[in-house]
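Peer 1: sequence below, structure please.
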Amino acid sequence: MTDAELMRAAVCASYGGPESITIEQVEVPLPGPGEVRVAVNVAAVNFPDVLVAAGEYQIKVPPPFVLGSEFAGVASAVGDGVTTLATGDAVFGSCLVGAFAEQVVVAASGLTKVPDGVTTDVAAGFGVAHRTAYHSLRSVGRLAPGEELVVLGAGGGVGLAAVQLGALMGATVTAVASTPDKLAAAKSCGASRLIEHRGADLRAMLKEQLPAGSDVVIDPVGGALSEPALRSLRRDGRFVVVGFASGEIPRIPLNLVLLKGIEILGFEFRGWVVAKADEAARNDAELLAMLADGKVAPYVGARFAFDEVVAAVRHVADGKAIGKVLLDVS
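Peer 2: Okay, here's the model as predicted:
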């Protein structure tokens, strides 16, 4: 084995916290049929990466494995049967693991060409959060112009994407977050109303800000915030469950659904895009056009050098992330 066949990668040798991650020399992966190898320029750190590293994600990956689920870079090798991409194409994409490395191999179908004029920084932090937010708003929540949208966890990657897209779709956005800095980011992304929930009565604050109620709630947080946000919905409102970043799955009194005539809907990325392939393709085309036109872009709250991967994952694990957290790999 020569040095040319090795690369640096962030490896989880066993399940654990961010401190269990080490940068090691591993073999450069080879693309199989239908696959593309990408030289990673920038990766994004997401909360599911924390769960995967700890062995607490819904899909368990046996260690050792290379961590990381989102990236942008340049196609460096193309497997047999790939006709949509060529070596040298700038691309971005996602995977379950493998992105925190100098090279990653993924299915060609999981990659998207970076539009002209869009940087790899923007592309690396765009796909997961904005696609999650747009599918949740456009298809699941059926958000319409003029409606009232409440976004929980509005300082996170999905939350800020939902704020930005909700405002762009013509809704009035109420952002709920835990700190003034996160709310400032939400305001910069288009939120009209700001609620700091830490140490406060969220139900009362939502009632004060939205006396007539809300139409749609996007919830990537769960925990204690879910029920008061659900209570803010007016009749025929839609509550979209996206995730449980708080670590707590809430129990909702079903009498609220009965009395209000509301819908509780779920969005799980991998399953939904398979079940709703045509709708997902339409949404992705619309979203990519917005990206190319400069109408949407991820809010980057922090960036780390590749050698600081442990600090980057710890930053996300501790709930300090505002928007997207980027990792400079190249």
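Peer 1: output the below-cut-off pLDDT ranges for this protein.
Peer 2: Applying pLDDT under 70 to the chain flags residues 1-4.
Peer 1: centroid-nearest residue for it?
Peer 2: Closest to where the C-alpha atoms of the chain average out (Cα atoms, centre = their mean) is Ala129, at 2.9 Å.
Peer 1: report the separation between that residue and Pro33.
Peer 2: 31 Å (Cβ to Cβ, to the nearest Å). Quick note: C-beta positions are derived from backbone N, CA and C, even for glycine.
Peer 1: what about Met149, which SS state?
Peer 2: One correction, residue 149 is Leu, not Met. strand (DSSP: H, G, I helix; E, B strand; the rest coil).
Peer 1: picking that back up, packing partners of the helix or strand harbouring the residue nearest to the centre of the chain?
Peer 2: Using DSSP states H and E, Ala129 sits in helix 127-134. Under the contact criterion of 3 or more Cβ pairs under 8 Å, 6 or more residues apart in numbering; DSSP states H and E, helix 127-134 touches strand 90-94, helix 157-168, helix 269-275, helix 277-292.
Peer 1: strands of the stretch 151-300 of the chain, residue ranges please.
Peer 2: Under the criterion DSSP state E, counting those that start in this stretch, the stretch 151-300 of the chain contains strands at 172-177, 193-196, 214-219, 233-241, 263-266, 300-305.
Peer 1: mind listing what Asp236 touches?
Peer 2: Neighbouring residues of Asp236 by Cβ atoms under 8 Å, 6 or more residues apart in numbering: 261-263.
Peer 1: make it 6 Å
Peer 2: Residues near Asp236 by Cβ atoms under 6 Å, 6 or more residues apart in numbering: Gly261.
Peer 1: any idea how far Pro115 is from it?
Peer 2: For Asp236 relative to Pro115 (Cβ to Cβ), the value is 37 Å.
Peer 1: likewise Leu51?
Peer 2: 31 Å.
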